[in-house]
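Chemist: Need the 3D shape of this:
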Amino acid sequence: MNIQVRYFASVREALGVGERVEAGEGSSVAALRDALVARGGVYAEAMGRGRVLRAARNRTMCDEATPLQDGDEVGFFPPVTGG
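Modeler: Numbering: from 1, shown residues only. This is a model prediction of the structure:
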């Protein structure tokens, strides 16, 4: 499956705007995140499990158990607080 990944806020500063990623059939948002972390280096730092990140699938907030389909867009971003 071909997934468009977009990064926002501090994740974007570390990894850039986004990229296309190949994911296995039956993958979830969690599996995608784990695959990015497995790249190591700045990916492990920006996407690591020690960081709280939110996700959206096709511009709708989702949890990490959300399954992915070919052509999906997944965004990762840190929690945002208002003031």
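
Chemist: Quick one: low-confidence residue ranges for the chain.
Modeler: 81-83 (pLDDT under 70).

Chemist: Please repeat the previous calculation with a cut-off of 50.
Modeler: Of all residues in the chain, none has pLDDT under 50.

Chemist: which stretches of it form strands?
Modeler: All strands of the chain, identified by DSSP state E, fall at 2-7, 18-22, 54-57, 60-62, 73-77.

Chemist: Mind putting these into a markdown table with distance to residue 45?
Modeler: (Glycine included, C-beta is placed from N, CA and C.) Listed next are the strands of the chain as a markdown table, based on distance: least, Cβ to Cβ, whole Å:
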| stretch | distance to residue 45 |
| --- | --- |
| strand 2-7 | 13 |
| strand 18-22 | 17 |
| strand 54-57 | 18 |
| strand 60-62 | 23 |
| strand 73-77 | 13 |
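
Chemist: what's the closest of those strands to residue 40?
Modeler: strand 18-22 (15.3 Å; Cβ to Cβ).

Chemist: Quick check: buried residues in the closest one?
Modeler: Under the neighbour-count criterion of 16 or more other Cβ atoms under 10 Å, strand 18-22 has 18, 21 buried.

Chemist: Name the strands paired with it and say parallel or antiparallel.
Modeler: strand 2-7 (antiparallel) (DSSP bridges).

Chemist: Using neighbour counts, pick out the buried residues of the partner strand.
Modeler: 3, 5-7.

Chemist: quick one: contacts of it?
Modeler: 14-23, 27, 32, 36, 46, 68, 70-77 (Cβ atoms under 8 Å, 6 or more residues apart in numbering).

Chemist: Which residues are in contact with residue 25?
Modeler: residue 1.

Chemist: ok, it to residue 31 distance?
Modeler: 11 Å (Cβ to Cβ, to the nearest Å).

Chemist: And stretch 28-42, end to end?
Modeler: In stretch 28-42, first residue to last residue: 22 Å (Cα to Cα, to the nearest Å).

Chemist: Which helix runs longest in this structure?
Modeler: Using DSSP state H to define each element, the chain has its longest helix at helix 29-37.

Chemist: Buried ones in it, by neighbour count?
Modeler: 29, 31-33, 35-37.

Chemist: Equivalent analysis for stretch 56-74, please.
Modeler: Buried-residue list, stretch 56-74, by 16+ other Cβ under 10 Å: 56-57, 62, 66, 68, 72, 74.
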